[in-house]
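1. Any chance you can model this:
(2 chains)
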Amino acid sequence: MEMNQYLEVFIEESKEHLQACNEQLLELEKNPEDIKIVNEIFRSAHTLKGMSATMGYEDLANLTHQMENVLDAIRNQKIKVNAEILDVVFLAVDDLEAMVQSIAEGGDGKRDVSEAVEKLMLIEKGESPAQSAARAETAAAIAEPQGLIKSTYDDFELTVIQQSKEQGFESYEISIALRADCLLKAARVYMVFEVLEKSGEVIKATPSVEQLEEEQFDQEFSVTIITKDTPEDIRQKLLKVSEVERIEVLPLSMGNYSSQEAVKEAEAVLPAAEVAEEAASDMPKEEKKAPAAKQVSNKTIRVNIERLDILMNLFEELVIDRGRLEQISKELNNQELHETVEHMSRISGDLQNIILNMRMVPIETVFNRFPRMVRQLARDLNKKINLQIVGAETELDRTVIDEIGDPLVHLIRNALDHGVETPEVRKENGKSEEGNVVLKAYHSGNHVFIEIEDDGAGINKDKVIKKALKNGIITEQTASTLTDKQAYELIFASGFSTADKISDVSGRGVGLDVVKNTIESLGGSVSIDSKVGQGSIFSIQLPLTLSIISVMLVEIEKEKYAIPLSSIIETAIIRKEDILSAHNQKVIDFRGKVVPLLSLKEIFEVPSENLEEEFISVVIVRKGEKMAGLVVDSFIGQQEVVLKSLGNYLTSVFAISGATILGDGQVALIVDCNALIK
Amino acid sequence: MTETAAADLKLIVFQLKEKEYAIPVNQVRSIEKVEHITRVPRTAGFVKGVINLRGVVTPIISLRSRFNLEEAEYNEHSRVIIAVLDDMEVGLIVDSANDVIDVDLESIEPPPEVIGSEEADFIKGVTKIDKRLFILIDLERVLNPEELTVQDGQGIAG
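-> Purely as a prediction, here's the structure:
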């Protein structure tokens, strides 16, 4: 197919346009009067429509077309923007996204969009979808006194119905409504089906059986069955299933089906009229387009991420050789060689920056799906929430970006569900009804920080401790000694949930421990700060990149170890007399703080002759607020190294996070300072 | 050793303390000389450390110590057999490795009941060619990760 070569471009651009739609729609919700925003959305939708029609994705084009009509009506001020209309448009964008996703995954991009299309059409006619749904129902009831047939049947199903009728079977369409408080809808569906399958053959279910099993329906569903039982019998049997509220059994005959056909045909006439109208309004649209397009676009090319990974791997090899060259030139002490190597080192340093930068992606790509999510969640939870995003342009390594999305979703859901209170509670506590959630990203040193801050209820320490005691996470004894921070950390323990009621959004006791594990597996850390009644801050610290790190090489006897610079505060040489002893633990006084001393020689069981020296070399490292001094024999120097794993055989070595290959080809182990400080 | 038609299995032969052992050639990636090994602290005694195998950090274990035989100094005959099991690559230090043989699958017998010593656990079978006895090692047992249990952390600052 000729189209294949455009497919990738199509998918990428569709995603961009949909993202633009999403962003602008949110904007529109805030400023419903701003026609400029509507124009932006319209332009995105229009481009999308054109592209998908060219590519032959009709459902996509169809739905976008409908959406465009509504937007057109809005900007011509025929209809007014309200939350209801936006909901429908958001729904349509969701459908569009699902279709593009399906195309990207190699599917055909087909999807049943009739519901969304219908709603959009209603809006365009100036009716609110809720109202008209009710009206449509009554109208249908009048038109079809036999009852309302909800399912549509294809030819095959119609033939089956007809044939079974000839053989003396009756067909019924049964509408079943579950109680609104029904918890296990899928289980009830299963029971209903079991009953029905005993009395006859189920030929159709609306929504489909798969959707029913996944609980993708509200309270009501309908099933078509071929049976010899009387409607009343079926009714009685079904009513025995608990939590069923209402049963309607309608006999299905060819007569009432064909009337349904007629209604459908009548509807089909409508879109045709709209096409004409749309064509007429096409002219002014083009004119408006020009002045608004002022966004400056950078020249870019799309590069497959795999190629960047290969480039990175090759560069890692080069870094190892660079280290080797530096060492050789030092040994040979040749001036010219020295200069050349130095120059090469500088260039490869620049190269490294560029390669790392190429793999950097603004965190925007993760953040920009949150406004939508927050909007939806806020509605589901009946809370008012204002999400503020700061520093979306902050860049992170691609590998980190890929992993950080899910943990952030968890934390934001957590902030919305458990953090921000309901408007009533907020009012009572003298806060504004609208809760604020700030998502902030920024660079600091070799790290990226992401903070999620809410001005909600904060974490109740006593409640946390009580819960942790109940779930057996801590003992009474430790509970009394916990600091505030330590208590907050408890919510990251597995099997913990403080929400009084379990909600769909968060709070099943899974999640936060997963968040912590994911972040730590990326070499990062997460911490919490909170004030009761004022809110909480979750702060995530992540390394900029995962594969090349700066280390301090140290020597212990004849062994070389690498300590990541990110955990080093400074190095010091201290006198032996300055070592103090407290509770069997050697400590030093470091800038007014008591810092425990750890001998790497002892921890790593390095074979040694144990010569006592007058001066001792110490590397001061930190983990969060805590510090420790690592005693080594000597410092070798700072170096950029490529992080390598120890392989799949040695998976968990104490206090070693990996290895690296030095300039002389030997392996040096990388010290995991986090494991050394408890 | 050259009758390829009847042979079902190609084995790499290596020595450990006078005895001859064998490992299927498809479990071997390469055979290397013993070079600088970086010790990895706090691992099981038979783990000698890691080496740089053409840019890949590869763990090394001593088969002598794995089989509870007394350790020996490495000399010019000592070799590292890089063995592959699933997604693990591990080097096995042996006294020497200098032969490849073809054996009939049928000629492999189950290990004799009484062989004593710990190495019995790691034997898959034995096979005889002429008057030489080859012991087939069971790589899965040799590399059983559960036996890697590391001594727990001690003397760590609070």
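2. Name the SS class of the closest residue to chain B within the stretch 151-300 of chain A, please.
-> For the stretch 151-300 of chain A and chain B, the shortest gap (CB to the nearest CB) falls at A:Thr300, measuring 32.9 Å. To be clear about C-beta, it is placed using only N, CA and C from the backbone, and glycine gets the same treatment. Of the three states, A:Thr300 takes coil under DSSP: H, G, I helix; E, B strand; the rest coil.
3. Repeat that for the one 10 residues further on.
-> Classification of A:Ile310 by three-state DSSP places it in helix.
4. what's the neighbour count on it?
-> Neighbours of A:Ile310 under the rule other CB atoms under 10 Å in any protein chain shown: 11.
5. who touches it in this structure?
-> Listed by CB atoms under 8 Å, 6 or more residues apart in numbering or on different chains, A:Ile310 has no contact partners.
6. Run the chain-centre distance for stretch B:71-83.
-> The chain centre lies 10 Å from the centre of stretch B:71-83; the measure is CA atoms, centre = their mean, to the nearest Å.
7. Any idea how far apart the tips of that stretch sit?
-> End-to-end distance of stretch B:71-83 (CA to CA, to the nearest Å): 20 Å.
8. Now it: buried residues?
-> Judged by neighbour count using 16 or more other CB atoms under 10 Å in any protein chain shown, the buried positions of stretch B:71-83 are B:Tyr74, B:Ser78, B:Arg79, B:Val80, B:Ile81, B:Ile82, B:Ala83.
9. what's in contact with it?
-> Counting by CB under 8 Å, 6+ apart, B:12, B:14, B:17, B:23, B:27-34, B:51, B:53, B:58, B:60, B:62, B:64-65, B:89-97, B:139, B:143 sit against stretch B:71-83.
10. near chain A, which of these show up?
-> B:Ile51, B:Thr58, B:Glu89, B:Val90, B:Leu143 (CB under 8 Å from any CB of the partner chain).
11. Excluding covalently adjacent residues, which one is nearest to residue 40?
-> In the absence of a named chain, chain A is used. Leaving out its chain neighbours, the residue that sits closest to A:Glu40 by CB to CB, 6 or more residues apart in numbering or on different chains is A:Gln24, at 4.8 Å.
12. Can you look at chain B instead?
-> Spatial nearest neighbour of B:Val40, chain neighbours left out: B:Gly49 (5.0 Å); criterion: CB to CB, 6+ apart.
13. Over to the one you found: give its phi and psi.
-> Backbone dihedrals for B:Gly49, given as degrees, to the nearest 10, come out at phi 140, psi -150.
14. same question, A:Ser645
-> Dihedral pair for A:Ser645: phi -90, psi 160, per degrees, to the nearest 10.
15. OK, contacts around it?
-> Per CB under 8 Å, 6+ apart, neighbours of A:Ser645: A:Gly658, A:Ala659, B:Val57.
16. Nearest to A:Ser550 among these?
-> Taking CB to CB as the measure, A:Gly658 is the one of the contacts of A:Ser645 closest to A:Ser550, at 14.1 Å.
17. who does the residue most central in space within chain B bridge with?
-> Nearest to the mean C-alpha position of chain B, counting by CA atoms, centre = their mean, stands B:Leu92 at 4.6 Å. With DSSP bridges as the criterion, B:Leu92 is bridged to B:Ile61, B:Ile81.
18. Might you report the residue contacts of it?
-> Listed by CB under 8 Å, 6+ apart, the contact set of B:Leu92 reads B:Ile60, B:Ile61, B:Ser62, B:Leu63, B:Arg66, B:Val80, B:Ile81, B:Ile82, B:Ala83, B:Val142.
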